[in-house]
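[1] Got a predicted model here, sequence first, then my questions.
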Amino acid sequence: MPFNRRNRFRALPLNSLIPNMLTTLALCAGLTSVRFALNEKWELAVIAILVAGVLDGLDGRMARLLKGTSRFGAELDSLSDFVSFGVAPALVLFLWTLDAGLGGIGWIIALIYTVSCGLRLARFNSMLDEDQPVWAAGYFTGIAAPAGASIAMLFMVMNFFTDSDFFRSDILNAAWLLFMAFLMASRIPTYSIKRLRISRRFIMPMLILVGGMAAMMASYPWQLLSLIALAYLATIPFAVISHHRLEQQDAQKADVKKAAAATEADVVKEEAEKSEDTEK
């Protein structure tokens with residue numbers, strides 16, 4: 001029997017390993033960003049974390065497409081997310097400005113961000129087993145780890161194309177890192193693009209927009225990344241409002257169902273009482 005199990009494990013198709021390969025590459029990209037930061041190659045450090053984010057977005061979709069989802073893959077994905085979007089950004093920002101300006105306090109702030117990311121990922125995994133309404137799939141609870149890591153480095157990215165010492169301020173980046181830690185650990189709803197659907201009439205404009213963004217990425221990459229980060233932050237209030245509205249609609253539907261069930265129970269009770277009177 002053990003021999004047969006080993007044979008089945010060795011006979012796994014390559015397709016089923018592709019999602020785990022992408023996750024492993026994301027983990028390597030996150031760790032490599034720390035190496036770039038140690039060598040003061042700041043732009044490459046940011047790029048490595050962005051690459052990890054792209055790979056993280058691909059591995060889950062590839063797993064569903066190839067029907068290669070597994071418990072092992074989910075655990076590996078969480079580990080990769082914690083390293084690439086929790087540990088790496090905190091270390092990069094600490095080495096870039098927090099250490100020189102704040103020293104031990106900067107390290108504490110970096111730890112708070114990392115712990116908040118870990119708590120956010122743990123909560124996300126625990127919520128997978130909970131029953132949720134269909135519309136909840138369009139929202140994250142708290143900002144997603146890849147988005148949080150990218151936006152945490154917003155002022156660092158701005159410094160690349162402005163060369164302004166203001167954006168390298170230790171106080172500014174410490175406050176921003178704490179803010180991102182709060183957004184990740186909070187229960188504030190944010191939009192998820194996983195279930196985003198595009199109407200057919202908007203397909204052509206969307207493709208034109210993608211082409212324009214690709215051209216802008218080639219010419220003004222850091223400016224575009226800053227714009228995307230700010231645009232994402234601007235959507236959070238709308239996500240909160242729409243999430244609250246949907247919750248209220250669910251609550252109203254639940255109240256209507258309870259009232260209907262109570263009315264039905266009263267009718268059944270009355271009919272039972274009438275039948276008893278008739279028998280008497």
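    Thanks, I have the structure now.
[2] for the stretch 51-200 of the chain, which spans come out with low pLDDT?
    Low-confidence segments of the stretch 51-200 of the chain, defined by pLDDT under 70: 68, 195.
[3] What ranges does it have for its strands?
    139-141, 189-191 (DSSP state E, counting those that start in this stretch).
[4] And these: which comes nearest residue 161?
    Among the strands of the stretch 51-200 of the chain, strand 189-191 comes nearest to residue 161, with 26.4 Å by CB to CB. Yep, even glycine has a C-beta here, placed from its N, CA and C like the rest.
[5] Run through who's touching the helix or strand following the closest one.
    Using DSSP states H and E, the next helix or strand after strand 189-191 towards the C-terminus is helix 203-219. For helix 203-219, contacts defined as CB atoms under 8 Å, 6 or more residues apart in numbering pick out 198, 223-224.
[6] Show the buried residues in these.
    223-224 (16 or more other CB atoms under 10 Å).
[7] Excluding covalently adjacent residues, which one is nearest to residue 45?
    Leaving aside its sequence neighbours, residue 45 sits nearest to residue 36 (CB to CB, 6 or more residues apart in numbering; 3.9 Å).
[8] Please report phi then psi for that neighbour.
    phi -60, psi -40 (degrees, to the nearest 10).
[9] Test my guess that it contacts residue 51.
    No. Checked against CB atoms under 8 Å, the pair residue 36 and residue 51 is beyond contact range at 11.4 Å.
[10] sorry, back to before: of the strands of the stretch 51-200 of the chain, flag the one that's most buried.
    Mean neighbours per residue, mean count of other CB atoms under 10 Å, is largest over the strands of the stretch 51-200 of the chain for strand 189-191, with a mean of 22.
[11] Can you list the strands that that one pairs with?
    In the sheet, strand 189-191 lines up against strand 139-141 (antiparallel) (DSSP bridges).
[12] what does the partner strand contact?
    With contact meaning CB under 8 Å, 6+ apart, strand 139-141 is reached by 123-124, 127, 187-192, 239, 243.
[13] which of the residues you listed lies closest to residue 108?
    residue 123 (22.4 Å).
[14] Now that closest one. Nearest residue, chain neighbours left out?
    residue 141 (6.7 Å).
[15] beta partners of the one you found?
    Judged by DSSP bridges, the bridge partners of residue 141 are residue 189.
[16] I'd like to know which of the strands of the stretch 51-200 of the chain is closest to residue 119.
    With CB to CB as the criterion, residue 119 lies closest to strand 139-141 of those, at 11.4 Å.
[17] Distance to residue 31 added to the contacts of helix 203-219, as a markdown table?
    A markdown table is the format used below for those (distance: CB to CB, whole Å):
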| residue | distance to residue 31 |
| --- | --- |
| 198 | 35 |
| 223 | 28 |
| 224 | 26 |
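[18] Show the residue spans covered by the helices in this protein.
    For the chain, applying DSSP state H gives helices covering 2-10, 18-38, 42-65, 71-82, 88-93, 99-102, 104-127, 145-152, 154-162, 170-185, 203-219, 221-279.
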